[in-house]
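Undergrad: got a structure for you, letters missing:
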């Protein structure tokens, strides 16, 4: 006999002797059954069978005394008997015919309030260690657990809840095992019926929906009530872990559509508290809506994430509900928990693209993606306009900026300041505060700073998701996905621009601004790549305005604002950081700038005046010795960044040699247009910036000068006729330098055919 079976037999014999001794004269039937079982085990031990557990399971002789022992009211006898039943179950030595009797015995023990924790252990062991519990017997076992869940003693109730979670999980795991069994699967297909395990799971899930809706169950007869929060938890656990079951088997898909979705929509209804169709059980405590709302939103997140192709219409409704939760008339905690759901959704590029394709691109559907962007932008704005009002909701605590931690990050707009303890990371996992508060009946304390952090991260995630979808579409040459990305960009750019601009205005920390500026650059580049010119130019214009001092008139193209504007200009650290970002964007994404060069170059011209930069003979900018910074208040930040900005300005036009012919033409056209506007301005001192940069750009693109010559030479000849002598002189200088450089350079085109050689004859005089 194998060692483990010998140990089992020896243990059972010892326990049977204890049962027999304890039964004595009070329970003669138990004593007789125990003695018969001892004789049975002795005979099995002598037979030296290698599969003794199978032999034990063929008759009721061994388990019978333990079942009888559980029916007595003797505590010691019951303890020994229930322990031995568990041993037999764990060794798969329980007869099929005894399972119903065991469950009935456990039910009687529950009614007698005897060994309640061991009842739960036995039921769980019976389900996890054997495949004997099905149908009505399984239902009776689960009913016992639900009844114990409502037990007034916390230990019993909590253990029953944990047992139920495991039982439900095992029941659905069996469905997967049954489906993956080729023989069983073929039989069920031919008969067009569900398997045994699938039937159990179907009936169980249906009744969980019924009980959560406070309606009587069909299968779990005897369960009168279940706390709604617990029912929702069970539903969520099943939906998260059994995706294939609900999407591949039509019966479960039916439950999803006809039971789960209507239940969720009903519970989200504003009038649910006043519903008379389903009166609330007297002992069910769900007085606070926070715990129910959190669980509902967790289920909704699961559905829109994992079942969006199965539940297309339903997910449209759910997403619209989440968006409505961000309305200003909702409690602040409710708006925040809805935002947490959207944050998780927005971090998945494939999911956002699916929503746009399924809804925004369909004529008869809601513009869900557009609504998400709009609602999030509106919520962000409300944080700074007082409608979030920490004093009104009584949840968050006002921020004392005088006592803020040294490493905190502050966003200030108007009279409102919000503090973040840390910036949200785009890479690390995010644990939502409210969605994770399953043990709370009230919203846990949180500040506006937490909510701002989630909103901030969500907006950056949306941009990152759109960019990832675009990169993937280009990599795969997927025209359909490119169309989706174009629609996503068109639907979102207004809201994203407003949100990024607000965050940029409010951010007081350089690191926080850098994240916003990086997203700003990337999205502007995306708009340019997709040839959405209005959006691209709007993003460029916003960044240009942020690069210059407040109230600075970008539409005046002269060297100074007006004749009378002699005051100094203060460039803040934010202005300098935005200017560096603007230069970086022009340098890295110049190929898609197009007409956006116009505003960008105008901004750079203003910058050169503010910083007192003048062009050298080759067009590069250097600080003017005479100006000596007269137009700007020198700060430590500016003094440190001035050489960097000058270098970036130089590299920007030097790098034009790497632009495509089309992009280079856009740049030179914008320079010529800026130069013409400068001449037309009323300023007495007119900027040399544009003429200098025309010269510098052409000098680094001599090999392509024939592409630009007609445009450049015509404009420079016009500059040579201007009344303002410094510009007239610079026009002549630029023209002669280009002529000389072009003649001295190696030419692949014969001189007689080169457009440069004919400039004097065709353009002069």
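TA: Okay, I see it. A quick note: this is a predicted structure, and the numbers were derived from the prediction, not measured. Numbering: from 1, shown residues only.
Undergrad: so where do the strands sit in this structure?
TA: When assigned using DSSP state E, the strands of the chain occupy the ranges 409-413, 416-420, 613-615, 621-623.
Undergrad: what's the second one in contact with?
TA: Contacts to strand 416-420, defined as C-beta atoms under 8 Å, 6 or more residues apart in numbering, come from residues 383-386, 399, 401, 404, 408-412, 447-449, 452-453, 456, 506, 512. C-betas here are computed from N, CA, C, even on glycine.
Undergrad: what's the nearest residue to residue 232 if we skip its chain neighbours?
TA: residue 295 (3.8 Å; C-beta to C-beta, 6 or more residues apart in numbering).
Undergrad: how far away is the one you found from residue 258?
TA: Distance from residue 295 to residue 258, counting by C-beta to C-beta, to the nearest Å: 20 Å.
Undergrad: cool, residue 135 as well?
TA: Counting by C-beta to C-beta - residue 135 and residue 258 are separated by 23 Å.
Undergrad: pick out whichever of residue 295 and residue 258 has more residues nearby.
TA: residue 295 (22 against 12; other C-beta atoms under 10 Å).
Undergrad: per-residue pLDDT, residue 138?
TA: Residue 138 carries a pLDDT value of 95.
Undergrad: you'd agree it is up against residue 200?
TA: Yes - assessed by C-beta atoms under 8 Å, residue 138 is found in contact with residue 200 at 5.6 Å.
Undergrad: surely residue 599 meets residue 544?
TA: Yes - at 5.2 Å, residue 599 and residue 544 qualify as touching, with contact defined as C-beta under 8 Å.
Undergrad: deepest in the core, which of the strands of the chain is it.
TA: Greatest average neighbour count among the strands of the chain goes to strand 613-615 (a mean of 21), per mean count of other C-beta atoms under 10 Å.
Undergrad: and it, what does it pack onto?
TA: Applying 3 or more C-beta pairs under 8 Å, 6 or more residues apart in numbering; DSSP states H and E, one finds that strand 613-615 contacts strand 621-623, helix 689-699.
Undergrad: spatially nearest residue to the residue nearest the centre of the chain, not counting backbone neighbours?
TA: In the chain, the residue lying closest to the centroid (C-alpha atoms, centre = their mean) is residue 344, at 2.4 Å. Excluding the flanking residues, the one nearest residue 344 by C-beta to C-beta, 6+ apart is residue 301, at 6.1 Å.
Undergrad: likewise residue 641?
TA: Spatial nearest neighbour of residue 641, chain neighbours left out: residue 576 (5.1 Å); criterion: C-beta to C-beta, 6+ apart.
Undergrad: next, count neighbours for the one you found.
TA: Using other C-beta under 10 Å, residue 576 has 20 neighbouring residues.
Undergrad: separation between it and residue 54?
TA: 82 Å.
Undergrad: would you mark the buried spots in stretch 66-78?
TA: Using 16 or more other C-beta atoms under 10 Å as the test for burial, stretch 66-78 gives 66-72, 74, 77-78.
Undergrad: any chance of a markdown table for those residues, columns distance to residue 607?
TA: Shown next, in a markdown table, are the buried residues of stretch 66-78 (distance: C-beta to C-beta, whole Å):
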| residue | distance to residue 607 |
| --- | --- |
| 66 | 90 |
| 67 | 91 |
| 68 | 95 |
| 69 | 92 |
| 70 | 88 |
| 71 | 93 |
| 72 | 94 |
| 74 | 94 |
| 77 | 93 |
| 78 | 88 |
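Undergrad: pull the most distant pair out of these.
TA: Greatest spatial distance in these: 67 and 74, 14.0 Å, computed using C-beta to C-beta.
Undergrad: now for the closest residue to residue 61 other than its chain neighbours: which residues touch it?
TA: In space, and not counting its chain neighbours, residue 61 is closest to residue 40: 4.6 Å by C-beta to C-beta, 6+ apart. Neighbour list for residue 40: 59, 61-62 [criterion: C-beta under 8 Å, 6+ apart].
Undergrad: lowest-confidence one in those residues?
TA: residue 59 (79).
Undergrad: measure the closest residue to that residue other than its chain neighbours to residue 44 for me?
TA: Spatially, and ignoring its direct neighbours in sequence, residue 59 is nearest to residue 95 (6.5 Å; C-beta to C-beta, 6+ apart). Using C-beta to C-beta, we find residue 95 at a distance of 14 Å from residue 44.
Undergrad: swap in residue 302?
TA: From residue 302 to residue 44 the distance is 50 Å (C-beta to C-beta).
Undergrad: again with residue 496
TA: 76 Å.
Undergrad: likewise residue 366?
TA: Using C-beta to C-beta, residue 366 is found at 70 Å from residue 44.
Undergrad: hmm, back to that, contact partners for the residue nearest to residue 344?
TA: Residue 301 neighbours (C-beta under 8 Å, 6+ apart): 341, 344-345, 435.
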